[in-house]
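S.K.: Here's my sequence, what's the structure:
(2 chains)
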Amino acid sequence: EPEVTQTPSHQVTQMGQEVILRCVPISNHLYFYWYRQILGQKVEFLVSFYNNEISEKSEIFDDQFSVERPDGSNFTLKIRSTKLEDSAMYFCASSEEARTDTQYFGPGTRLTVL
Amino acid sequence: KNEVEQSPQNLTAQEGEFITINCSYSVGISALHWLQQHPGGGIVSLFMLSSGKKKHGRLIATINIQEKHSSLHITASHPRDSAVYICAVTGNQFYFGTGTSLTVIP
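M.R.: Numbers count the residues shown, from 1 in each chain, chains lettered A, B, ... in the order given. Take a look at the predicted model:
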């Protein structure tokens, strides 16, 4: 069964460094999403992406963040100048045709900012 | 403010019990999702609802659009059902509840 994959599974970085989290959505899906979950807290929406552009973004998704689909398969989340509070699990998800469709989640990337 | 509220926050049940988890939301939505998060952190989508009721195996999900309420039922609960169950809605954005932590004891 097709699945969403994410790399790396765990990323440790120093405060102020840039990180890129990578996701490979399911191949025929058109909508892509990034979410984060700070340890012990609820999942929070960051951004959705459709037709090579941002469809929606939350107030969390400020200028520190950017997303890109650099080729036909990868979907990346870049965090510039990481802060301690960026430490969280980051989940990528994809859905087939519409933003209301079932979303398929990747296993997550745990980001630790020291 | 919490656009999505779930109850209870924690639930312990004996194997075989019927379980209900409730979700209320305060925003206009086009879809509601029930998700399962395993102890390792992975998230699996259980249901996507826009009206009525859906059933998959021992799981049943219902939604009442007028009352802005949804329920997830688990019949004949089993220890492998132990997980966090999350209600999420698709509105003008995506909003998540804080989850219900379910433990089913053999």
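S.K.: partners of the residue positioned nearest the centre of chain A in the sheet?
M.R.: For chain A, the residue lying nearest the average C-alpha position, counting by CA atoms, centre = their mean, turns out to be A:Trp34 (3.2 Å). Judged by DSSP bridges, the bridge partners of A:Trp34 are A:Val47, A:Cys92.
S.K.: What distance do you get for A:Glu53 to chain B?
M.R.: Using CB to the nearest CB, to the nearest Å, one gets 17 Å for the distance from A:Glu53 to chain B. Backbone N, C-alpha and C define where each C-beta goes, glycine included.
S.K.: residues touching the residue nearest to the centre of chain A, list them.
M.R.: If you count contacts by CB atoms under 8 Å, 6 or more residues apart in numbering or on different chains, A:Trp34 has them with A:21, A:23, A:46-47, A:67, A:77, A:90-93.
S.K.: Which one of those sits in the busiest neighbourhood?
M.R.: Highest neighbour count within those, by other CB atoms under 10 Å in any protein chain shown: A:Cys92, with 28 neighbours.
S.K.: And residue 48, what's its pLDDT?
M.R.: As the question left the chain open, I've gone with chain A. At A:Ser48, the pLDDT value in this model is 94.
S.K.: switch to chain B, that's the one I care about
M.R.: Taken from the predicted model, the pLDDT recorded for B:Met48 is 93.
S.K.: Could you point out the member of the contacts of A:Trp34 that lies closest to chain B?
M.R.: The shortest approach to chain B among those belongs to A:Phe91, at 6.3 Å (CB to the nearest CB).
S.K.: my read: that closest one touches A:Arg36, true?
M.R.: Yes. Taking contacts as CB atoms under 8 Å, A:Phe91 lies within contact range of A:Arg36: 7.3 Å.
S.K.: overlap in contacts of these two?
M.R.: Here A:Phe91 and A:Arg36 share the contacting residues A:Val43, scored by CB under 8 Å, 6+ apart.
S.K.: For residue 86, give me phi and psi.
M.R.: If you meant another chain, say so; for now it's chain A. In this entry, A:Asp86 is assigned phi and psi values of phi -80, psi -10 (degrees, to the nearest 10).
S.K.: meant chain B actually
M.R.: The main-chain torsion angles of B:Ile86 are listed as degrees, to the nearest 10 and equal phi -120, psi 130.
S.K.: surely it meets B:Phe94?
M.R.: No. B:Ile86 lies out of contact with B:Phe94 (CB under 8 Å); the separation is 11.5 Å.
S.K.: Any regions of chain A where pLDDT drops low?
M.R.: Under the criterion of pLDDT under 70, none of chain A is flagged as low confidence.
S.K.: which residue ranges form the strands in it?
M.R.: Read by DSSP state E, chain A holds these strands, from start to end of the chain: A:5-7, A:10-13, A:19-24, A:31-37, A:43-50, A:53-57, A:65-68, A:75-79, A:88-95, A:104-105, A:109-113.
S.K.: Save those as a markdown table, and put in distance to B:Phe47 too.
M.R.: Putting these into a markdown table (distance: least, CB to CB, whole Å) gives the following:
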| stretch | distance to B:Phe47 |
| --- | --- |
| strand A:5-7 | 23 |
| strand A:10-13 | 30 |
| strand A:19-24 | 23 |
| strand A:31-37 | 18 |
| strand A:43-50 | 16 |
| strand A:53-57 | 22 |
| strand A:65-68 | 27 |
| strand A:75-79 | 25 |
| strand A:88-95 | 14 |
| strand A:104-105 | 14 |
| strand A:109-113 | 26 |
